[in-house]
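Student: Structure for the following, please:
(2 chains, ligands or ions: 2)
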Amino acid sequence: MRPIPEDTLRFVRLCVPLTGFAPFDLHATGMAQLYLDTARQQVGRYRLDTFLTELTEACTPLLDPSELSETDREIARAITYLWYTGAWPKLAVDAHADLRREMANTEFVVAPSTYVEGLVWRTFQSHPVGAKPPGFGTWGREPAELPPLTEIVQECGLAEQTGGSRPEEESTRGERSVPGGTRIEPHMLPGPRVARDVPPSALPTARAPRSERNTA
Amino acid sequence: MIETTTGAEAARGSYDAVVVGAGWAGSLIAEKLGRRGWRVLVLEAGEAGTQTWSGYLDSVRTFHSAVAKVPNSAYRHNAAAPSPDVLDLSPDASGSGEGRPEYTADGYFVQKGKMPYGTDYVRALGGAGMHWLGAVPRMHPDDFTTRSTYGYGRDWPIDAADLEPYYEEAEKELGVAGDAEGQRHLGVVSDSGYLYPMHRIPPSHIDKYCHEKLEGREVTDPMGDKRELHVRSLPQARNSTPAPEYDKRKGYRPKGAVGLPNYGERCVGNASCVPICPVQAKSTPLRVQDGFSDSVTLAARSVATRVLRGQDRRVRAVEYRSYNDPASPTSESHTVRADIVVLAAHAIENARLLLASELATTSGQVGRNLMDHPTTLAWALAADQVGPYRGPGHTSGVEDFRFGGKRRERAPFRIELSNWGWTWSTGAPMSNVASALALGGKSDGGVKTGGVFGPQLRSLLGSTIGRQLQLQIAVEQSADENNRVTIDPRRYRDAMGNPRPIIHYDLGEHVREGVYAAYEVSERIFTELGATSYTDHEPVDGVPPLGHFVHRGTDLTYHGAGHGAGTHIMGTDPNDSVVDADQRTHDHPNLYAVGCGSMPSVGTSNPTLTMCALALRSAERIHRDLAALSQPTNLRSRANAEEKV
Ligand SMILES: Cc1cc2nc3c(=O)[nH]c(=O)nc-3n(C[C@H](O)[C@H](O)[C@H](O)COP(=O)(O)OP(=O)(O)OC[C@H]3O[C@@H](n4cnc5c(N)ncnc54)[C@H](O)[C@@H]3O)c2cc1C
Ligand code: SF4
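Tutor: Ligands and ions are numbered 1, 2, ... in the order given. Okay, here's the model as predicted:
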């Protein structure tokens, strides 16, 4: 087997604070090289290098997105989306214009295998729809427990250093907060799919539940 | 092995019957007639290929690489035999508030109705039976008599008891896994000893979660209809564990994958039954075609264009065009004669063919009474992890609002408990990633602030995707003459030159009341489940979502269910119906139109099982017709022979 090129190793290391998955997991998808190539193609080789340098600065060790320029922030999101779904997303129009690329600003799945290797399925301990089936009757089992945030942070090796936005400890369980304390705001959730031809990256976000909208 | 031939080759043969369309309906009829030794030609407009394992895997990969994983996403576009696609419809803000349609359509259908017809199908070998889900509940006895029992819609000329033996036969042909006891409780299975060929598909964790919180609770709809809720297992055409006691202890042997010998499994939980099951645990018409006898010829890439009239009231031949390249409009015309012609091309295509052939005109009902199950979605976050995106699309439902009660005032509805999270309603889980990251920009094009990354992102997604609940509520739509398919060959043709279907569609008051009641009931169910509802049908930035309407001051939306029905409606009177109880056209003794198009009502059951039962019933009649036609004594007076059978 050929050794993994140094630029790919660096790309994967920098993707850890973006994705919340350890280098081991990212390499295990087998997609690292393809994703680096895709990002270079979409953003431009030189521009991506600049972005990766900026990203290094903004991670201490967790990423604070407000430390990034607007376009860099959108690139960070796009690369994370790529790891999670296997697709390159539609970007904010201003970011796409700023990048001055000849590529159309539309979402596309990089390859059939990238869809299958999307990390999103692993966040809730499942398998990609239409691949890696878990076996007859498995859907009846109790879903596996999710790892607490502190464990994920540790697994990623993002815990030791100080500074940055450090996750809070385990807080209340309930439908409006996640372990770790992030309060779930409606805009963090997807809204109605107004039409079937709108790609997932261009869909509206959710509004407050009806119960809260009425009282507001 | 399924063998296909070309249209040109097929034109050289001679046949007793020509069947147009190789979906469930056409395949079942061809198989039955072939087994009796009749020479049958099946004309299939679309591409074959999925009957080989490599062709099938190609479709699986096409699905994997599609951005929008819609029902047609596993099948390539075909200009020679185009299909309608849910991607053809877009919302249109300019129409709102002015009484103009709030949508535009840009595809195979020419849509001119007030509301969008959101149902698709696929013209390829196997038809819509390739991308269907495989939910196969029977209709309830009441569903056959809505006019006389509840004062709306149309009655059938036959009843549930007439269909019962054919339901059983269809369940064997399709390979159904189900819980007969539960269906007896509902009143849709009456035979006290009946068993389904396979044990029910095991319930999902979501089913159990809902069962625990809903069973026996009472919910009242806005019309004051109070129901006790029950979570019931859904009969499905997918491989499960065979029931050894089935069919007087003969048991049942599940059918495996087509194109790969000795491969075939129970459902392994790929959770992509729509549009394609990677292991073929879900039943498709390929299984029936695999059993065609040598007397059946299957020609792909052969688009029927007209049925030709013969002497007296009979039809004599089918005209069709064959092509070599699905991307090019070049095609060649052929004509093939037959004693009996069976149209099995899907409700909308059957109507299109009858209209283009100017046949069955007496009643003026061809193309009218187009139906579907307008389906409204409701989605919520549960308080606990429920394990979505696992297993078949849905394995249980709440059936309590399907029958009786206030059915006269509002259309009844069937509530499916989705196992696939918020996919249909919001494009989740991919859209979850985008919204958590604050991707995609603001409406003015600017880059958003915020966004969650790294461990926080992973944990946020795990929590918010893992708790997704969705209800899919299918509402009965009854026959309405104004919902119709027409053609206008001078203005609207496809690339091959065939007239495109023009659709006029709307939802009547009774259905709108049903959708409204379904929405209110879904909110009450979420309250019982202790879940937070995120159901949202309101316009977004002034743009109404597809299928949007306002009823009793409430914003609502519906989607198409894929259940096109009612375009060559069945009845006893030739003046107000197109086919008789055997699906034979009243006007032409040797022309049949089979499929959901014959159904006078659709109840709240997915229609395919009922449609297959009807097809099996018609196959017997067609066999008798063919037998009578081949009797030497009857040759002199065929018309008389018809009357005697
Ligand atoms: C997404 C989706 C999910 C569904 N899920 C379910 C479900 O769970 N349960 C259920 O009961 N129903 C379901 N349905 C409905 C079900 O798929 C249809 O009712 C059923 O497949 C119709 O069978 P058919 O043989 O009448 O028509 P089709 O399956 O449409 O077959 C017609 C065939 O005729 C061919 N054809 C068309 N025009 C011509 C022509 N001019 N010449 C030659 N051939 C022609 C087509 O290519 C096709 O092969 C679903 C539908 C969709 C879209
Ligand atoms: S759940 Fe999977 S294996 Fe089962 S029928 Fe659906 S796609 Fe096939």
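Student: Count the residues that sit near A:Leu14.
Tutor: When neighbours are defined as other CB atoms under 10 Å in any protein chain shown, A:Leu14 has 18 of them. The C-beta positions use only the backbone N, C-alpha and C, and glycine is treated the same way.
Student: Oh, that last question was meant for B:Gly508, not what I typed.
Tutor: With other CB under 10 Å as criterion, B:Gly508 counts 17.
Student: OK, contacts around it?
Tutor: B:Gln477, B:Ser478, B:Asp480 (CB atoms under 8 Å, 6 or more residues apart in numbering or on different chains).
Student: Apart from its neighbours in sequence, what residue is nearest the last one?
Tutor: Of all residues beyond its chain neighbours, the one nearest B:Asp480 is B:Gly508 (5.5 Å), with distances taken as CB to CB, 6 or more residues apart in numbering or on different chains.
Student: swap in B:Gly251?
Tutor: B:Pro244 (5.1 Å).
Student: now that neighbour: how far from chain A?
Tutor: Computed as CB to the nearest CB, to the nearest Å, the B:Pro244 to chain A distance reads 17 Å.
Student: If you tally nearby residues, what's the number for that residue?
Tutor: Using other CB under 10 Å: B:Pro244 sits among 11 other residues.
Student: Could you pull up the contacting residues of the residue of chain B most remote from its centre?
Tutor: Using CA atoms, centre = their mean, the residue of chain B lying farthest from its centre is B:Thr449. It sits 43.5 Å away. Neighbouring residues of B:Thr449 by CB under 8 Å, 6+ apart: A:Pro65, A:Ser66, B:Ala438.
Student: So how do I select the buried members of those in PyMOL?
Tutor: The buried subset of the contacts of B:Thr449, as determined by 16 or more other CB atoms under 10 Å in any protein chain shown, is captured in PyMOL by this line:
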select buried, (chain A and resi 65) or (chain B and resi 438)
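Student: tell me which of the contacts of B:Thr449 is nearest to ligand 2?
Tutor: B:Ala438 (32.9 Å; CB to the nearest ligand atom).
Student: Contacts only, for the closest one.
Tutor: By CB under 8 Å, 6+ apart, the neighbours of B:Ala438 are A:Arg77, A:His187, B:Lys448, B:Thr449, B:Gly450, B:Gly451, B:Val452.
Student: Surely the third one is within a strand?
Tutor: No. Under the criterion used here (DSSP: H, G, I helix; E, B strand; the rest coil), B:Lys448 is coil, not part of a strand.
Student: excluding its backbone neighbours, what's nearest it?
Tutor: B:Ala438 (4.1 Å).
Student: what about the one you found, distance to A:Ala78?
Tutor: Distance of B:Ala438 to A:Ala78, computed by CB to CB, to the nearest Å: 12 Å.
Student: Do you know the pLDDT at the closest residue to A:Ala92 other than its chain neighbours?
Tutor: Once flanking residues are discounted, A:Ala92 sits nearest to B:Gly441: 2.5 Å by CB to CB, 6+ apart. pLDDT for B:Gly441: 94.
Student: residues in contact with B:Gly441?
Tutor: A:Glu74, A:Leu91, A:Ala92, A:Val93, A:Asp94, A:Ala95, B:Val447, B:Lys448.
Student: burial count for the first one?
Tutor: Taking other CB under 10 Å as the neighbour definition, A:Glu74 ends up with a count of 29.
Student: How about the secondary structure of it?
Tutor: Look at A:Glu74: counting by three-state DSSP, its state is helix.
Student: How confident is the prediction for the residue nearest to it when sequence neighbours are not counted, by pLDDT?
Tutor: Sequence neighbours aside, A:Ala95 is the residue nearest to A:Glu74 in space, at 3.7 Å (criterion: CB to CB, 6+ apart). With respect to pLDDT, A:Ala95 scores 97.
Student: Next one: A:Ala95 from A:Gln42, what distance?
Tutor: 11 Å.
Student: Which pLDDT value goes with B:Ala327?
Tutor: Reported pLDDT for B:Ala327: 87.
Student: tally of neighbours for it?
Tutor: So B:Ala327, with other CB under 10 Å, has 12 neighbours.
Student: all strands for chain A, in order.
Tutor: Secondary structure of chain A by DSSP state E: the strands cover A:87-88, A:108-109.
Student: what residues are up against B:Ile29?
Tutor: Counting by CB under 8 Å, 6+ apart, B:Ile29 touches B:Val19, B:Val342, B:Ala344, B:Val594, B:Ala615, B:Ser618, B:Ala619, B:Ile622.
Student: Those, buried ones only, as a PyMOL selection?
Tutor: Only the buried entries of these go into this PyMOL selection, using 16+ other CB under 10 Å:
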select buried, chain B and resi 19+342+344+594+615+618+619+622
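Student: Throw the contacts of B:Ile29 into a markdown table and include secondary structure, thanks.
Tutor: Output for the contacts of B:Ile29, formatted as a markdown table (three-state DSSP):
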| residue | secondary structure |
| --- | --- |
| B:Val19 | strand |
| B:Val342 | strand |
| B:Ala344 | coil |
| B:Val594 | coil |
| B:Ala615 | helix |
| B:Ser618 | helix |
| B:Ala619 | helix |
| B:Ile622 | helix |
